[in-house]
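Colleague: sequence first, predicted coordinates after that:
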Amino acid sequence: MLKPPRVVGPVGATLMSINGMIGAGIFALPALLYAEVGNFAPWLFLIFGLLFSCSIVISARLSTMFQSSGGPQLWSQAAFGPFVGFQVGWIMVIAMGAGRAATFYVLVSYLAVIFPVFDEAIARAAALAFILAALTTISLSGMINSIGGLAVGTVIKLSPIVVLCAMAFASGGIATTFALPRFGAFESVALLVYFAFSGANSSAFAAGEFKNPRRDLPLTMLGSLGIIILFYMAVQWAYIAAGAPQAVGNTTPLAMAAEAVMGDHGPLLLSIAAIFSIAANALSYSIAGPRVIFGMAERGLLPARFALVSRRFGAPDRAILLFSAIIGLMLASGAFTFLATMTSLGSQLVVLCYVCAFAVLMRR
C-alpha cells in the first residue's frame, strides 16, 4: 500500500509545534493575567511552561521509540492494546475537531472587526464554510504545501507582535518589580496559562511523514516549548509597558496596547495577526488530525480506505476529508462553549493516557 513520503525536517516539525501552541489565546491572556496578578504575570508563563515541560519530556522520550503517525494514540495502543488505542484515537480526533470548530468562530469574530458584514448570520456561515474548505484544500495538496502554508502564516502572525514588543519596550521598558500573587488569584488563572502551551507535541501526530522522527521530534518539541515560553513572557511585558491598566476588561487587549504604541494602524495590524494566528493554528491541527486517523486505519483500527494515500499529492486524502467532515458537523452545532469544554476535557484525558503508557513502556 502506498504511504505518505517522509518530507518533513526539523523546520517543519518546529512550525507544527509552534503553531500548535500559538492560536487565539495570546491575544486575550495578557489582560486576564494582569488583572489577577499584576506585574507577576510574565513569570506565570515561565512557571507553568516549566511544569508543562514534564509532559513534553515524556512525549519526547516516547517519540524516540516509534516512527509511525499517531502520537498519543500510537503510544497508548502499544502500551495497552488496540481497544484502548481506539478509544484514545477517537478522543484525540473529536477533541481536535471540536477545538478547530471553536477557533473558527473566534477567527470570524476577528474578521468582523475589520469587515462588519461578517456579523450577519449568512455571511458568518459562508465565512466558516470557506475557511474549512480552504484548510482542507491546503491539507489535500500535500505535506510540503501544508508546511509552506504554516511558514507563511507564522511570519504574518508574528511580525506585528514582534513590532509591538519592540515599540512597547522602547517607550515603557520592562517591568522589573512585582508582588507575589494571592493564592486565589494564582489559582484562577493557572488553567488558562497551562493550556496556552497545549499543542507542543502535535508534531508527533504526523511522525510517519518526518525524515528522521526519532532525532527531530524530541529536539523540536522541547526547543519550541522553550521559544514559546520566552515569547509569551515578552508579549506580557510588552502589554504592561504599553499601559496595561487602561486595557483591562477590553475584549481585544493586545489590539488596544498596539494602538497605544503604534497609533491608529496598531489595532488593524494586530487583528490581521490574530486572524493568521488562528488560521495557522487550525492548519497545524488539520495536518495532525488526519494523520491520527490514517495511523489508526494503517494499524487496522479503522477501515482500510482511510489509510489510502493520494498518488498525486502523497496525502492521506480520505482521512483528511473525514476530519474535515467532523469539523463541519461541529460547526453546524454552533455551541462554542460546549466545543471548547470538549477540547479541554479530551486533551486532559489524552495526556493522562500517554503518561500511563509511558510508565508501562518504560517498565517493559
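Modeller: Great, that's in hand. Residues are numbered from 1 along each chain as shown.
Colleague: quick check: Ala273 vs Thr154, distance?
Modeller: 11 Å (CB to CB, to the nearest Å). The way it works is simple: take the backbone N, C-alpha and C, and place the C-beta from them, glycine included.
Colleague: pLDDT weak spots in this protein?
Modeller: 1, 175-188, 244-252, 334-338, 340-341 (pLDDT under 70).
Colleague: re the thing from before, who has more neighbours, Ala273 and Thr154?
Modeller: Taking other CB atoms under 10 Å, Ala273 and Thr154 do not tie; Ala273 has more neighbours (25 against 19).
Colleague: hmm, that one is touching Leu158, no?
Modeller: Yes. Using CB atoms under 8 Å, Ala273 is in contact with Leu158, at 7.5 Å.
Colleague: which neighbours do these two share?
Modeller: Counting by CB atoms under 8 Å, 6 or more residues apart in numbering, Ala273 and Leu158 have no contacts in common.
Colleague: which residue ranges of the stretch 251-364 of the chain form helices?
Modeller: 253-262, 265-298, 317-333, 336-363 (DSSP state H, counting those that start in this stretch).
Colleague: of all those, which lies closest to Ile227?
Modeller: Nearest to Ile227, of all the helices of the stretch 251-364 of the chain, is helix 265-298, at 15.1 Å by CB to CB.
Colleague: and the angle from the closest one to helix 317-333?
Modeller: Put simply, helix 265-298 runs at 130 degrees to helix 317-333, going by axes from the mean of the first three to the mean of the last three CA atoms, to 10 degrees.
Colleague: now helix 265-298: buried residues?
Modeller: 266-298 (16 or more other CB atoms under 10 Å).
Colleague: over to stretch 220-227?
Modeller: Thr220, Met221, Leu222, Ser224, Leu225.
Colleague: and those as JSON lines, adding secondary structure and distance to Met96?
Modeller: What follows is the buried residues of stretch 220-227, written out as JSON lines (DSSP: H, G, I helix; E, B strand; the rest coil; distance: CB to CB, whole Å):
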{"residue": "Thr220", "secondary structure": "helix", "distance to Met96": "20"}
{"residue": "Met221", "secondary structure": "helix", "distance to Met96": "17"}
{"residue": "Leu222", "secondary structure": "helix", "distance to Met96": "22"}
{"residue": "Ser224", "secondary structure": "helix", "distance to Met96": "18"}
{"residue": "Leu225", "secondary structure": "helix", "distance to Met96": "19"}
